[in-house]
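Participant: coords please:
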Amino acid sequence: MASGFTERVAPVAFVLFVIACAAAPSRSAAAVAPTPSSRVPADSVINERDVRRILSTLAADSMEGRMTGTPGANRAARFIDREMRSIGLSPAGDSSFYQKVALAMKTVGCCRRRTEMVVLDSLGALAAYPDSARRIGYNMIGVIPGSDPVLKDEIIVIASHYDHLGIGSPVNGDSIYNGADDDASGVTAVLEIARSLMSGARPRRTMVFMTTTGEEEGTLGTEWYVAHPKFPLSKMVAEMEVEMIGRPDSLAGGPGKGWLTGYDRSTMGDMLKQDGVPIVADPYPQMRFFERSDNIVFAQMGIPAHTLSSYNMHSDYHAVTDDVDRIDFPHVTAVIRAGAMAARLLADGPAPTWKQGGQPH
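Facilitator: Residues are numbered from 1 along each chain as shown. I've put the predicted structure just below:
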């Protein structure tokens, strides 16, 4: 989860406004609630063994903290590629599951100058920067094509970011920011939700499963995607981000329960409640988490987009101590199962819509 996203929104606000005007999503009322036969019980597919395997691999020291544009992040992308292949997703990147993201290190500021990573307009724009400043990141994109003759043209995105903070100054001998909760837990959820939906009746809408890079640098991978979409943005009817589900939150109901940012902004929260999905409203509205993850990029375009989380405000956030040994695996597994229920509802049920005043601008 990006700590300072609200400060980074302004530079892209105009671009997002233009895209939003050109791509106002349509909303279909043709879908109905999923029938019991369309659902494979999530606990028969999503198991703690696979959750532990995926999350532990992504958060291992060998991934070197997965900082965007580094060998560690590329190593994580290759692992995600193998998982998407094994699940049976259809590739939707530029090359197989990989979507290249053009990035550069740029000096910004006037009085206190600093270097930060920025997303460029195109791969060709890299030529304006010296080799030492050029970076390439990768969004990883896999798809389950929809089965309904009409609804298959509508797109649901289930996403998370796989980058983290890399390697820093040692703290008690540990210099690797493993990001087990932030956001190896969310990537694990996206992959396992995809596995669950592949095991049941084919979803009516087309389901896009995406793990992005550059969130910690300011949602760069998601900004690149909306500028270079693999499916028409006008057909995208909802997005669910998954971030930081590694530990239970007592304010959400404890182990196995998650919460949704911006719960009252759209009908998505009401849909989950009505369907018995154990996901409640964000108990920390004062923290503005709705605006601090990749979902905000889609939401500002008019697409109902929210983040599923169970972050309990633990002190390991953005610290070297965000390690696998602090993950509650039974809890993560249960929240991923809830996420799979939510994804199936979005795939087959009515499309969520904004409530009055709920859409951010």
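
Participant: For the stretch 201-350 of the chain, just list every one of the helices.
Facilitator: Secondary structure of the stretch 201-350 of the chain, counting by DSSP state H, counting those that start in this stretch: helices at 220-227, 268-274, 295-299, 329-348.

Participant: can you list the ones you listed in TSV and add mean pLDDT and mean neighbour count?
Facilitator: The C-beta positions use only the backbone N, C-alpha and C, and glycine is treated the same way. Converted to TSV, the helices of the stretch 201-350 of the chain look like this (pLDDT from 0 to 100; neighbours: other Cβ atoms under 10 Å):
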stretch	mean pLDDT	mean neighbour count
helix 220-227	98	25
helix 268-274	97	19
helix 295-299	98	27
helix 329-348	97	25
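
Participant: To Cys110, which of those lies closest?
Facilitator: Evaluated over the helices of the stretch 201-350 of the chain, closeness to Cys110 peaks at helix 220-227, with 22.5 Å, by Cβ to Cβ.

Participant: quick one, helices of the stretch 1-150 of the chain?
Facilitator: Using DSSP H, counting those that start in this stretch, the helices of the stretch 1-150 of the chain run over 5-8, 10-22, 48-58, 71-87.

Participant: rewinding a little: could you export the helices of the stretch 201-350 of the chain as a markdown table, including distance to Arg114?
Facilitator: Below are the helices of the stretch 201-350 of the chain laid out as a markdown table (distance: least, Cβ to Cβ, whole Å):
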| stretch | distance to Arg114 |
| --- | --- |
| helix 220-227 | 16 |
| helix 268-274 | 38 |
| helix 295-299 | 23 |
| helix 329-348 | 36 |
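
Participant: And the residue in the chain sticking out farthest from the centre, how far from Ser95?
Facilitator: Distance from the C-alpha centroid of the chain peaks at Cys111, with 34.9 Å (Cα atoms, centre = their mean). According to Cβ to Cβ, to the nearest Å, Cys111 and Ser95 sit 42 Å apart.

Participant: for Arg326, what are its contacts?
Facilitator: 180-181, 246-247, 314, 316 (Cβ atoms under 8 Å, 6 or more residues apart in numbering).

Participant: and the two most separated of those residues?
Facilitator: Between all members of the contacts of Arg326, the farthest pair (by Cβ to Cβ) comes out as Ala180 and His314, at 11.2 Å.

Participant: Between these two, point out the one with more neighbours.
Facilitator: Per other Cβ atoms under 10 Å, whichever of Ala180 and His314 has more neighbours is Ala180, with 27 against 15.

Participant: In space, what's closest to the more buried one - neighbours in sequence excluded?
Facilitator: Nearest residue to Ala180 in three dimensions, chain neighbours excluded: Ala59, at 3.9 Å (Cβ to Cβ, 6 or more residues apart in numbering).

Participant: Next, count neighbours for the one you found.
Facilitator: Ala59, neighbours per other Cβ under 10 Å, totals 31.

Participant: Please name the residues that touch it.
Facilitator: 178-180, 184, 323-324.

Participant: Compare those and tell me which is most surrounded.
Facilitator: With neighbours taken as other Cβ under 10 Å, the top of those is Gly179, carrying 34 neighbours.

Participant: nearest residue to that one other than its sequence neighbours?
Facilitator: His164 (3.1 Å).

Participant: where's that neighbour, which helix or strand?
Facilitator: Using DSSP states H and E, His164 falls within no helix or strand.

Participant: go on, the one 5 residues further on?
Facilitator: Taking DSSP H and E as the definition, one finds Ser169 inside strand 166-171.

Participant: mind listing what's buried in that strand?
Facilitator: Using 16 or more other Cβ atoms under 10 Å as the burial criterion, the residues of strand 166-171 that qualify are Gly166.

Participant: With stretch 145-155 instead?
Facilitator: Applying 16+ other Cβ under 10 Å to stretch 145-155 flags 146-148, 151-152, 154-155 as buried.

Participant: start to end distance for stretch 272-286?
Facilitator: By Cα to Cα, to the nearest Å, the extent of stretch 272-286 from end to end equals 23 Å.

Participant: still on that earlier bit, now, among the contacts of Ala59, which is nearest to Ser293?
Facilitator: For the contacts of Ala59, the nearest to Ser293 is Gly179 (13.9 Å; Cβ to Cβ).

Participant: Do I have it right that that closest one meets Gly166?
Facilitator: No. Using Cβ atoms under 8 Å as the test, Gly179 is too far from Gly166 to be in contact (9.3 Å).

Participant: anything in contact with each of those two?
Facilitator: With Cβ under 8 Å, 6+ apart as the test, Gly179 and Gly166 both reach 65-66.

Participant: which non-adjacent residue is nearest Ile54?
Facilitator: Spatial nearest neighbour of Ile54, excluding adjacent residues (Cβ to Cβ, 6+ apart): Thr188 at 4.5 Å.
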